[in-house]
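>>> heads up, no residue letters with this:
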């Protein structure tokens, strides 16, 4: 059974990643002047609620995978876990190429908007991990 630390870690990391994701999104929107119809189009394609929930769910699923990997108590298994987590972050970032029906003026800026967001859960999960473990595993 997962301990409190093993449940708190993904929640803290996920909430942090969600805050960073939303902050990055707002900063990107301002920097690239996404507003009006363009912003409406963007919010229909990628709702703000999804930007908040996805990192939390991603971190929770990662912790479940880590919990299972830890049962094997092997450096190779832990490496495979981190490799798969990073790989899934990269792989899911390509999903943005399947977003259609965007306002024509932002159809290409969406890549810079959303691709980096896929890495925030992984980075947050790894960054917060040492706070919740005594041996760094």
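On my side now, so go ahead. Model, not experiment: these values are computed from the prediction. Numbering: from 1, shown residues only.

>>> Now do the SS call for the residue nearest the centre of the chain.
Central residue of the chain (Cα atoms, centre = their mean): residue 121, 3.3 Å from the mean position. Secondary structure, DSSP: H, G, I helix; E, B strand; the rest coil: residue 121 is helix.

>>> Report the separation between the closest residue to residue 92 other than its chain neighbours and residue 88.
Counting by Cβ to Cβ, 6 or more residues apart in numbering, residue 118 is the residue found nearest to residue 92 once chain neighbours are left out, at 5.0 Å. (Each C-beta comes from the backbone N, C-alpha and C, glycine too.) Distance of residue 118 to residue 88, computed by Cβ to Cβ, to the nearest Å: 9 Å.

>>> between the two, which one's more packed in?
residue 118 (21 against 17; other Cβ atoms under 10 Å).

>>> wait, residue 66 sits on residue 84?
No - look at residue 66 against residue 84 with Cβ atoms under 8 Å: they stay out of range, at 10.4 Å.

>>> How many residues are close by the spatially closest residue to the residue nearest to the centre of the chain that is not a sequence neighbour?
Spatial nearest neighbour of residue 121, chain neighbours left out: residue 58 (3.8 Å); criterion: Cβ to Cβ, 6+ apart. Other residues within reach of residue 58, judged by other Cβ under 10 Å, total 25.

>>> The residue nearest to residue 92 and residue 85 touch, don't they?
No - with contact defined as Cβ under 8 Å, residue 118 does not count as touching residue 85 (11.5 Å).

>>> For the two, list the residues in contact with both.
Counting by Cβ atoms under 8 Å, 6 or more residues apart in numbering, residue 118 and residue 85 have no common neighbour.

>>> Let me see the mean pLDDT of stretch 114-124.
Stretch 114-124 shows a mean pLDDT of 95.

>>> Give me the next element, helix or strand, following the longest helix along the chain.
Longest helix in the chain, counting residues (DSSP state H): helix 4-31. Downstream of helix 4-31, the first helix or strand assigned by DSSP states H and E is helix 37-45.
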